[in-house]
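Student: pasting the structure only:
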Ligand SMILES: Cc1cc2nc3c(=O)[nH]c(=O)nc-3n(C[C@H](O)[C@H](O)[C@H](O)COP(=O)(O)OP(=O)(O)OC[C@H]3O[C@@H](n4cnc5c(N)ncnc54)[C@H](O)[C@@H]3O)c2cc1C
């Protein structure tokens with residue numbers, strides 16, 4: 001079982017097979033797969049706990065419904081891991097609170113029926129047969145809170161949301177990695193063969209493999225190794241609202257026309273509306289501020305097509321609301337970079353999930369370890385970093 005501790009100086013090993021930097025969901029998933037592959041694994045987290053930065057700030061939602069084959073394939077594999085999580089991490093009965101209440105995309109556009117029928121047809125050809133197309137009437141019948149202007153929807157029952165805390169700690173506990181808290185990677189040691197170690201605030205660790213999985217700080221770390229990546233950091237907020245009016249059996253519901261989304265949480269719901277606030281690219285932050293007015297804006301966004309939110313607007317009190325924020329790490333095509341950084345042999349990058357790092361982490365991290373083990377080649381990796389040179393950039397809309 002992974003040992004998680006704030007180390008004494010003597011605990012820091014002189015060497016490891018692999019060092020993973022970052023103790024969010026991505027770093028812990030990477031450490032899990034690396035130790036499964038038989039590598040003596042060390043994970044470094046600069047703060048006092050795992051799952052403390054972007055991961056817990058998320059809406060914790062996971063889905064397979066994407067409009068590009070490579071995204072569908074990766075998320076399908078990730079959801080499979082979530083569905084069998086306790087068996088995979090080897091802790092029978094370990095519960096990640098996976099609510100498979102579905103993901104419902106809705107639109108009020110006149111061309112919605114055509115667009116969504118086409119999308120569902122494509123998803124069926126990508127081995128995702130259980131996405132349903134619903135016309136407006138059928139959608140309202142199944143989900144009575146929907147507004148009369150909804151023209152079309154898509155639904156997949158097995159999508160949903162889960163506890164990111166439990167997943168992150170589950171990967172950590174199911175691994176044999178040594179996990180060091182309050183231990184910051186401060187630089188890299190590079191020799192003529194490539195990476196030869198990581199500098200930390202507690203001393204160097206020698207290794208021939210390093211995975212950068214430091215969320216919004218990942219780009220800065222790559223720069224320390226002399227590699228510049230096309231990443232943009234932007235704040236995203238979410239609101240949690242206590243209210244008995246939120247239907248607890250509802251799916252994750254997303255307004256495709258605006259990006260506003262919500263899903264139930266015990267005693268209320270979680271909601272967000274990124275497009276309500278104009279966010280400028282920023283530096284990575286350890287503490288991300290929130291706007292006082294964000295919950296009201298998010299409720300307004302959700303009430304357009306999910307009408308009960310209008311009633312909540314009229315009744316909610318300040319003490320019923322909590323807002324939190326984190327940062328997206330965004331690539332030019334809104335897909336992650338899962339790749340060796342070829343300028344420095346042995347250095348790998350697992351980040352840039354562009355708002356999909358909870359759903360992408362299990363399979364994305366498995367693939368990184370497959371690359372390290374020489375079992376996944378560049379030509380079979382749609383998320384290689386070189387795609388920004390050898391492909392045009394096509395971007396799926398950023399949406400949770
Ligand atoms: C509001 C919001 C809603 C979101 N909703 C969803 C969603 O519903 N579904 C989804 O899939 N995704 C969602 N996301 C995106 C998702 O949260 C991220 O993609 C994911 O959490 C990234 O995980 P991570 O482990 O890479 O990063 P983090 O959780 O940020 O972890 C990185 C860790 O690295 C540590 N670190 C940084 N630098 C160093 C260093 N030098 N040395 C050691 N440690 C270091 C940090 O302290 C941190 O703990 C959302 C994001 C936001 C902000």
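Tutor: On my side now, so go ahead. All figures in this text were calculated on a predicted structure; none of them were measured in a lab.
Student: What residues does the residue nearest the centre of the chain make contact with?
Tutor: Against the mean C-alpha coordinate of the chain, by C-alpha atoms, centre = their mean, the closest residue is residue 357 at 1.7 Å. Each residue near residue 357 by C-beta atoms under 8 Å, 6 or more residues apart in numbering is listed here: 24, 25, 26, 54, 55, 58, 215, 329, 336, 351. No exception for glycine: its C-beta is placed from N, CA and C like everyone else's.
Student: Next up, the contacts around the second one.
Tutor: The neighbours of residue 25, taking C-beta under 8 Å, 6+ apart as the test, are 51, 55, 164, 167, 168, 171, 357, 358, 361.
Student: got these as TSV, with secondary structure and distance to the ligand columns?
Tutor: As requested, these are arranged in TSV below (DSSP: H, G, I helix; E, B strand; the rest coil; distance: C-beta to the nearest ligand atom, whole Å):
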residue	secondary structure	distance to the ligand
51	coil	7
55	helix	3
164	helix	7
167	helix	10
168	helix	8
171	helix	10
357	helix	2
358	helix	3
361	helix	6
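Student: Any stretches of this structure with poor pLDDT?
Tutor: Counting by pLDDT under 70, the ranges of the chain that qualify are 1-2, 390-400.
Student: need the helices for it, in chain order.
Tutor: 25-36, 54-57, 69-83, 85-89, 112-125, 136-142, 164-174, 218-224, 294-303, 308-315, 357-372, 387-390 (DSSP state H).
Student: quick one: the first one to helix 69-83, angle?
Tutor: Computed with axes from the mean of the first three to the mean of the last three C-alpha atoms, to 10 degrees, the direction of helix 25-36 lies at 70 degrees from that of helix 69-83.
Student: Off-centre distance for helix 25-36?
Tutor: Remark: helix 25-36 is offset 14 Å from the chain centroid, using C-alpha atoms, centre = their mean, to the nearest Å.
Student: Stretch 103-119 vs the ligand: in contact?
Tutor: No - Stretch 103-119 is not in contact with the ligand by C-beta under 6 Å from any ligand atom; minimum separation 10.1 Å.
Student: buried set for that stretch?
Tutor: Residues 103, 104, 105, 106, 107, 108, 112, 113, 115, 116, 119 are the ones in stretch 103-119 that count as buried (16 or more other C-beta atoms under 10 Å).
Student: again with stretch 17-34
Tutor: Under the neighbour-count criterion of 16+ other C-beta under 10 Å, stretch 17-34 has 17-34 buried.
Student: Likewise for stretch 326-339?
Tutor: For stretch 326-339, by 16+ other C-beta under 10 Å, it's 326-331, 333-339.
Student: Next, see if stretch 322-332 gets close to the ligand.
Tutor: Yes - using C-beta under 6 Å from any ligand atom, we find that stretch 322-332 touches the ligand at 326, 327, 328.
Student: Please tell me how far the residue sitting furthest away from the middle of the chain sits from the ligand.
Tutor: Among the C-alpha atoms of the chain, the one farthest from their average position, using C-alpha atoms, centre = their mean, is that of residue 192, at 34.9 Å. For residue 192, the distance to the ligand (C-beta to the nearest ligand atom, to the nearest Å) stands at 25 Å.
Student: One more: residue 22?
Tutor: Going from residue 22 to the ligand by C-beta to the nearest ligand atom gives 3 Å.
Student: again with residue 350
Tutor: Going from residue 350 to the ligand by C-beta to the nearest ligand atom gives 7 Å.
Student: doesn't residue 383 make contact with residue 338?
Tutor: Yes - shown here, residue 338 and residue 383 form a contact pair, counting by C-beta atoms under 8 Å, at 4.1 Å.
Student: Mind listing the shared neighbours of the two?
Tutor: The contact lists of residue 338 and residue 383 share 364, 367, where a contact means C-beta under 8 Å, 6+ apart.
Student: tell me the domain ranges of the chain?
Tutor: Using automatic domain parsing, the domain parsing of the chain gives 3-58+165-230+333-390, 99-159+232-330.
Student: Could you dump those domains into CSV and include distance to residue 88?
Tutor: Below are the domains of the chain laid out as CSV (distance: least, C-beta to C-beta, whole Å):
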stretch, distance to residue 88
domain 3-58+165-230+333-390, 7
domain 99-159+232-330, 17
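Student: any idea which of these is most buried?
Tutor: Mean neighbours per residue, mean count of other C-beta atoms under 10 Å, is largest over the domains of the chain for domain 3-58+165-230+333-390, with a mean of 21.
Student: what sits against residue 91?
Tutor: With contact taken as C-beta under 8 Å, 6+ apart, residue 91 is in contact with 170, 173, 174.
Student: rerun at 10 Å
Tutor: Contacts for residue 91 (C-beta atoms under 10 Å, 6 or more residues apart in numbering) come out as 1, 85, 170, 173, 174.
Student: filter the residues you listed by proximity to the ligand?
Tutor: By C-beta under 6 Å from any ligand atom, no member of these lies near the ligand.
Student: which of these lies closest to residue 256?
Tutor: Of all the contacts of residue 91, residue 256 sits closest to residue 85, with 29.4 Å by C-beta to C-beta.
Student: That closest one: how many residues sit nearby?
Tutor: Residues lying near residue 85 (other C-beta atoms under 10 Å) number 21.
Student: Spatially, and excluding backbone neighbours, which residue is closest to it.
Tutor: What sits nearest to residue 85 in space, not counting adjacent residues and going by C-beta to C-beta, 6 or more residues apart in numbering, is residue 96, at 5.2 Å.
Student: Might one say that the one you found is in contact with residue 79?
Tutor: No - using C-beta atoms under 10 Å, residue 96 makes no contact with residue 79, being 11.8 Å away.
Student: more crowded one of those two?
Tutor: The neighbour comparison of residue 96 against residue 79 (other C-beta under 10 Å) goes to residue 79, with 23 against 20.
Student: Contacts only, for the more buried one.
Tutor: 62-64, 98, 100, 156, 158-160, 162, 359, 362-363.
Student: switch to 8 Å and redo it
Tutor: Neighbour list for residue 79: 62, 63, 64, 158, 159, 359 [criterion: C-beta under 8 Å, 6+ apart].
Student: Distance of the third one relative to residue 76?
Tutor: Read that as residue 64. Separation of residue 64 from residue 76 (C-beta to C-beta, to the nearest Å) stands at 5 Å.
Student: ok, now the fourth one?
Tutor: To residue 76, residue 158 is 10 Å away according to C-beta to C-beta.
Student: I appreciate the help and will end here.
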